[in-house]
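> My questions are about this predicted structure, shown below with the sequence.
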Amino acid sequence: MEALDQTIDQTAPDTPKAALASLTAAITGNQGFYRPELEVAMRAWAFSDSEVRTVQQRVDQRRLESLQSIWSRILDDPAAAHTAALLPYLVGIGASLVQPPTPRDELQRIYELLLGLVPDEGQQKAAKKT
C-alpha cells in the first residue's frame, strides 16, 4: 500500500491525464503493481476472514479515493468523478480475477484505450460553461 501511495503522491502535480498515464505505467510496468495472483488471493481470503476483509475494504477505498481525486479535477460532479474512477479500477480488478489473468501487455493496451477517452484538464469543465 505504501508503494501505491508513493506513486499516487508523485502524480499529484500532473494534469489528470498525465497522472492517469503515470498510474497506467506503474500498474502495467515492471514495478510489480499488477500482481493478479495476489489480488485473487487477498480477495478470496477476505471472504472468509473479517480482519482481512476490513483491510481489503481500506485498500479498495484508498485506491478509489485516489482515482476520484484525479477525476474531480476534470469533472465538477462528484458522482460523475466517482463513476469515472470506478471504470479503470473495475477493469483492473476484473483483469486480475478472470482465468487466466489478463496479461500485463494486454492490460496496458486496455488502459491506453481508456486514456484516449480522458479529456484534458479544463476541457470538460470548459465545455460545461458554454
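The structure has been received and is ready for your questions.

> For the biggest helix by length in the chain, enumerate the helices and strands it packs against.
The residue-count maximum for a helix in the chain (DSSP state H) belongs to helix 50-71. Judged by 3 or more CB pairs under 8 Å, 6 or more residues apart in numbering; DSSP states H and E, helix 50-71 is in contact with helix 2-11, helix 16-28, helix 36-48, helix 78-97. Any C-beta I mention is one placed from the backbone N, CA and C, and that applies to glycine too.

> so which of these is the most packed in?
Highest mean neighbour count of the helices and strands packed on helix 50-71: helix 16-28, a mean of 20 (counted as mean count of other CB atoms under 10 Å).

> Render the CA-only coordinates of that one in PDB, please.
Provided in PDB are the C-alpha atoms of helix 16-28 (Å, rounded to 0.1, in the frame of the first residue of the first chain):
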ATOM      1  CA  PRO A  16      -5.300  14.400 -14.700                       C
ATOM      2  CA  LYS A  17      -4.500  12.800 -18.000                       C
ATOM      3  CA  ALA A  18      -0.800  12.600 -17.200                       C
ATOM      4  CA  ALA A  19      -1.500  11.300 -13.700                       C
ATOM      5  CA  LEU A  20      -3.600   8.500 -15.100                       C
ATOM      6  CA  ALA A  21      -0.900   7.800 -17.700                       C
ATOM      7  CA  SER A  22       1.700   7.600 -14.900                       C
ATOM      8  CA  LEU A  23      -0.500   5.200 -12.900                       C
ATOM      9  CA  THR A  24      -1.100   3.100 -16.000                       C
ATOM     10  CA  ALA A  25       2.700   2.900 -16.500                       C
ATOM     11  CA  ALA A  26       3.200   1.900 -12.800                       C
ATOM     12  CA  ILE A  27       0.500  -0.700 -12.900                       C
ATOM     13  CA  THR A  28       1.500  -2.300 -16.200                       C
END
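
> Cool, thanks, talk later.
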